[in-house]
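Peer 1: Generate a structure from the sequence data that follows.
(chains A and B)
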Amino acid sequence: MSDSKNTEVVDPHAIPADAAHIREHVKLYVVIGVTLLFFTGLTVLLSYVHFGSESANIAIGMLVASIKAAMVAAIFMHLKEERKTIYQFMTVTVIFALVLFLLTFLAFSDHIKM
Amino acid sequence: MEIPYTVKPRPDTGLWNAKIGIWLFLASEVMLFGGLFSGYVFLRMGAEPGYWPKGLLNVPVGTMNTAILIASSVFIVFAWASLKLRNFARYRLFMILTLLCGAIFLGVKLGYEWPAKFHHFGAFIKPEAQAKYEDYLGNQHLALKGLPPRVEITGHLENPDALNNPEIKEFHIKLDAPNADPTSDKNDYVPFLPRPMSDKVAVINKDDVSFASMFVPRHSTYFAVYYTITGLHGAHVLGGLILFAYFLLPVSTRLYEKDPEHLANRIEVAGLFWHFVDLVWIFAFPLFYLL
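Peer 2: Predicted coordinates for the structure are as follows:
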């Protein structure tokens, strides 16, 4: 980590100006990590509670999983403070993924009768 | 020729090359796993009552693996932050921890979970013969409680030759707890800690069996989609491990000495991939192990 020999004015190995910002991030990562572990426990716990029907349990399980996924995407994957281009990519992707799942459900409105 | 925008963002998009590249790749990954998960939905919704098995996977082990993957996700953002703060020694430490967590996850999956299933056996009983095996299925008890029927007898196959030898007319199965005591209330639901296998051995006539196999992909649509999704996910974990190993080689040290920000960007992109792998598991774990 010694200083490079070049004569540039800006030393690439110097701690950057946004260091305080990064340190804030690190604290947030710890909080999110612990929250994710907590939610994992919650997912397991809730799967042993019977909410009336299997569908209700699946819906609640998927809801908790979606919250976890949103935390990973927003914080770990920096989506919370990403550029417009990335949002455009992902919006289109989410729409296509939803259409894909919709197609699956369509198969059940037009059943193959055995 | 120097490639532009590996470190500095392009002025119009505000993004450096690899950031665009990884997100386009992840978009395609969403569709790849989306297709498989919608396959899961299709198979599960189409399953006849009783034909979507529950409690065949080891929940404590799966929970532990989930926690390990979450820890690795935290470690890789720490590795990235360490580079941003120009602390190369800490970066290496967190990279090694990430690699270790990924290796444990894959080791548990391929070294324990999958082989344990390959040695487990199940025989689906023909509907017309199910009454004959009521002592193992307990379907009258389940019907009274409004629960789906049991259609399969599972456990350890004591005479493995029976699988391929048509001369042998019976399966001898050392029973799993639910089949050994099917009318016990505590077997109505799947417990968190797997119940130990019983010592009871059931003799099942092959003529009464519609399909029987070890817990391999051909066993059922459940195991087919389980091995497909966890297998593809495992391949991604392996890809991540190769990537992390690369980032521990001297080539990364040299890049750090030349341009630390460039290495930080590479680690951020590797992290994005790794978080996506974590994200897939966040859905796969409850869908296969719990619900």
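Peer 1: Output stretch B:218-228 as CSV, restricted to C-alpha atoms.
Peer 2: Below are the C-alpha coordinates for stretch B:218-228, written out as CSV (Å, rounded to 0.1, in the frame of the first residue of the first chain):
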residue,chain,number,x,y,z
ARG,B,218,-37.1,-38.7,-11.2
HIS,B,219,-38.8,-39.5,-7.9
SER,B,220,-41.4,-36.7,-8.2
THR,B,221,-42.1,-33.3,-9.7
TYR,B,222,-41.1,-31.9,-6.3
PHE,B,223,-37.6,-33.4,-6.3
ALA,B,224,-37.2,-32.7,-10.1
VAL,B,225,-37.8,-29.0,-9.5
TYR,B,226,-35.9,-29.0,-6.2
TYR,B,227,-32.7,-30.4,-7.8
THR,B,228,-33.1,-28.2,-10.9
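Peer 1: And the contacts of stretch B:153-166?
Peer 2: With contacts defined as C-beta atoms under 8 Å, 6 or more residues apart in numbering or on different chains, stretch B:153-166 is touched by B:56, B:119-123, B:125, B:133, B:136-137, B:168, B:170-176, B:178-179, B:197-198, B:201-202, B:204, B:206, B:212-214. For every residue, glycine as well, the C-beta is placed using N, CA and C.
Peer 1: Now intersect those with the strands, please.
Peer 2: Among the contacts of stretch B:153-166, the members found in strands (DSSP state E) are B:121-123, B:125, B:170-175, B:201-202, B:204, B:212-214.
Peer 1: between those, which is closest to chain A?
Peer 2: The shortest gap between chain A and any of the ones in strands among the contacts of stretch B:153-166 belongs to residue B:125, at 19.1 Å (C-beta to the nearest C-beta).
Peer 1: quick one: residue B:156 is in a strand?
Peer 2: Yes - counting by DSSP: H, G, I helix; E, B strand; the rest coil, residue B:156 is part of a strand.
Peer 1: Tell me how many other residues surround it.
Peer 2: A total of 15 residues lie near residue B:156 under the criterion other C-beta atoms under 10 Å in any protein chain shown.
Peer 1: which residues pair with it across the strands?
Peer 2: Judged by DSSP bridges, the bridge partners of residue B:156 are residue B:174.
Peer 1: and the gap between it and residue B:208?
Peer 2: Distance, residue B:156 to residue B:208, by C-beta to C-beta, to the nearest Å: 19 Å.
Peer 1: Near chain A, which residues of the stretch 151-291 of chain B are found?
Peer 2: B:189, B:192, B:257-261, B:268, B:271-272, B:275-276, B:278-279, B:282-283, B:285-287, B:290-291 (C-beta under 8 Å from any C-beta of the partner chain).
Peer 1: low-confidence ranges in chain A?
Peer 2: A:1-9, A:111-114 (pLDDT under 70).
Peer 1: can you pull the contacts of the most centrally placed residue in it?
Peer 2: The residue lying closest to the centre of chain A (C-alpha atoms, centre = their mean) is residue A:73, at 2.5 Å. By C-beta under 8 Å, 6+ apart, the residues touching residue A:73 are A:79, B:275, B:279.
Peer 1: Just the pLDDT for the last one.
Peer 2: Confidence at residue B:279, expressed as pLDDT, is 97.
Peer 1: biggest helix in chain B by residues?
Peer 2: In chain B, taking DSSP state H as the definition, the longest helix is helix B:17-46.
Peer 1: Give me the helices and strands touching that helix, please.
Peer 2: In terms of contacts (3 or more C-beta pairs under 8 Å, 6 or more residues apart in numbering or on different chains; DSSP states H and E), helix B:17-46 is packed against helix A:84-106, helix B:221-246, helix B:260-285.
Peer 1: for the ones you listed, which one sits closest to residue A:62?
Peer 2: Closest to residue A:62 of the helices and strands packed on helix B:17-46, according to C-beta to C-beta: helix B:260-285, at 7.6 Å.
Peer 1: any idea of the angle that closest one forms with helix B:221-246?
Peer 2: Per axes from the mean of the first three to the mean of the last three C-alpha atoms, to 10 degrees, the angle that helix B:260-285 makes with helix B:221-246 is 160 degrees.
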